[in-house]
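Chemist: This is a predicted model, with the sequence first.
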Amino acid sequence: GNMAKAMMGGIIRNEIIPCEEIIASDAYAPSLAAARESLNIETTDSNLKVIEEAEVVVLAVKPQYYAAVINEVKDHIRENQIIVTIAPGQTLERLNSLFDRDVKIVRTMPNTPALVCEGITGVCHNDLVTKEE
């Protein structure tokens, strides 16, 4: 989506993570093609491939799709992986319950100006995420 693309663009532009280390998935092929072309990142239509390859997984889906996407990937999350969400209306408790087990979750709440790299983002996490992480 737009917020995920904006976040990835900022991360790449500010050299926080090299584009070669980013992989993104989307069910909508035109969005994948646009991300691949504009951000020069690896893309896939497989959420599981992202889970297999990533250390930090950003779930940036519309709120109505969270349960389905989490259900698809929850059994493949590794103990050391961190799940970062952009989940309006989804509490940490709700997200924890969707995984059916202990998973490191960071909940972010970006505001609209973040789309043009001018916003702020609220962040909270569950007790499994360490201060260093």
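Modeler: Cool, got the structure.
Chemist: the helices in this structure, which residues?
Modeler: 2-13, 29-39, 47-53, 66-73, 92-99 (DSSP state H).
Chemist: just how off-centre is the first one within its chain?
Modeler: The chain centre lies 11 Å from the centre of helix 2-13; the measure is C-alpha atoms, centre = their mean, to the nearest Å.
Chemist: elements contacting the lowest-mean-pLDDT helix or strand in the chain?
Modeler: Lowest by mean pLDDT, DSSP states H and E among the helices and strands of the chain is helix 2-13, with a mean of 82. Where contact means 3 or more C-beta pairs under 8 Å, 6 or more residues apart in numbering; DSSP states H and E, helix 2-13 is packed against helix 29-39, strand 82-86. Where C-beta positions appear, they are placed from N, C-alpha and C, glycine not excepted.
Chemist: what does it contact?
Modeler: 16-19, 22, 24, 34-35, 38-41, 58, 60, 86, 110, 114-117 (C-beta atoms under 8 Å, 6 or more residues apart in numbering).
Chemist: Just the buried ones out of those residues, please.
Modeler: The neighbour count (16 or more other C-beta atoms under 10 Å) marks 22, 24, 35, 39, 41, 58, 60, 86, 110, 114-115 as buried among the contacts of helix 2-13.
Chemist: Output the residues you listed in a markdown table; the columns should cover pLDDT and distance to Asp127.
Modeler: Formatted as a markdown table, the buried ones among the contacts of helix 2-13 follow (pLDDT from 0 to 100; distance: C-beta to C-beta, whole Å):
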| residue | pLDDT | distance to Asp127 |
| --- | --- | --- |
| Ile22 | 94 | 28 |
| Ala24 | 93 | 28 |
| Ala35 | 89 | 33 |
| Leu39 | 91 | 33 |
| Ile41 | 94 | 32 |
| Val58 | 94 | 20 |
| Ala60 | 90 | 23 |
| Ile86 | 89 | 21 |
| Pro110 | 80 | 23 |
| Ala114 | 61 | 26 |
| Leu115 | 59 | 31 |
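Chemist: Report the contact partners of the closest residue to Glu55 other than its chain neighbours.
Modeler: Among residues not flanking Glu55 along the chain, Gln81 sits closest, at 6.4 Å (C-beta to C-beta, 6 or more residues apart in numbering). Gln81 makes contact with 51, 54-57, 103-104, according to C-beta under 8 Å, 6+ apart.
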